[in-house]
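J.: based on what follows, work out the 3D shape:
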Amino acid sequence: NILGKEGIGINDNFFDLGGHSLKATRLVSQIHRVFEVKVSLRDLFNHMVLEDQSRLIVNAVKTAYHTIPEVAASPDYPLSLSQRRLWILSQLSEANVAYNIPEIYEFRGELDVALLSSSLSRLISRHEVLRTVFKENGSGDVRQYILSPEELGFRIEELDLRGDEDGEDNLKGQVREFVNESFDLAEGPLLRALLCRLSEDRWVFAYVMHHIISDGWSMEVLIGEVLGYY
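T.: Numbering: from 1, shown residues only. Prediction:
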């Protein structure tokens, strides 16, 4: 399931079949959930073959798996350790765009812009982290605040380059500027989207998020949900 492959044998190597650190992290979680055994990423890197992993699981000490509990509604929430580290680093001027995570896609054919916008709005309504900002409270402690979709004010930026002789070059410049624009963690939104139209049936869709609310794996999940809604 994690590798998306069939017919895996006991002598196959996880990393030779397309595994990487993000997929290994998912594998650690699945092993814990299914077998109630905790293994570390280091263990997986030292036991890359399926048969070796099975021995690792058999010989490991059982540890009950517990799902993450839902947090009660609150006006604000504490930051995780990783979020606090990213918030501090983002206060440095030389690092304020270092944690922008961009994705760029090319669409061919007819595109319903209103429907794409609606799909993104549904995504943002569903995932609270996409409506989260980070700012100090009255005591000077940085906290997470979840905005309503209306407060967030998200919209897709649109750019029409049809008929532009230098459209390709202008597109590269516009997208480069778009993905390298810094985020205001206190104001948000910490997700931006840009839709560029190059011809009647060719579009480039770019979106960028701050690493404090996302990671590389989440980016793939989110675009999958947007296209599913569409």
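J.: so A24 belongs to a strand, correct?
T.: No. Counting by DSSP: H, G, I helix; E, B strand; the rest coil, one finds A24 to be helix, located in no strand.
J.: at which residues are the helices of this structure located?
T.: Using DSSP state H, the helices of the chain run over residues 21-35, 41-46, 50-59, 81-90, 113-126, 149-152, 167-179, 216-229.
J.: can you tell me which of those comes nearest to R143?
T.: Nearest to R143, of all the helices of the chain, is helix 81-90, at 10.4 Å by C-beta to C-beta. All C-beta atoms are positioned from the backbone trio N, CA, C, and that covers glycine.
J.: show me the contact partners of that closest one.
T.: Under the contact criterion C-beta atoms under 8 Å, 6 or more residues apart in numbering, helix 81-90 has outside partners 79, 95-96, 98-99, 134, 142, 144, 183, 185, 210-212.
J.: ok, back up a step: and the helices of the chain: which comes nearest R197?
T.: Nearest to R197, of all these, is helix 113-126, at 8.6 Å by C-beta to C-beta.
J.: tell me which residues in that closest one are buried?
T.: Of the residues in helix 113-126, 116-117, 119-124 count as buried by neighbour count, 16 or more other C-beta atoms under 10 Å.
J.: which two of the residues you listed have the greatest separation?
T.: Across those, no pair lies farther apart than L116 and I124, at 12.9 Å, counting by C-beta to C-beta.
J.: tally of neighbours for L195?
T.: Counted by other C-beta atoms under 10 Å, the residues lying close to L195 total 19.
J.: how close does it get to L116?
T.: 7 Å (C-beta to C-beta, to the nearest Å).
J.: again, but for L194
T.: Separation of L194 from L116 (C-beta to C-beta): 12 Å.
J.: and for D141?
T.: According to C-beta to C-beta, D141 and L116 sit 38 Å apart.
J.: now L92
T.: Relative to L116, L92 is positioned 35 Å away (C-beta to C-beta).
J.: so which of the helices of the chain comes closest to P75?
T.: helix 149-152 (13.4 Å).
J.: can you name every helix or strand that the closest one contacts?
T.: Judged by 3 or more C-beta pairs under 8 Å, 6 or more residues apart in numbering; DSSP states H and E, helix 149-152 is in contact with helix 113-126.
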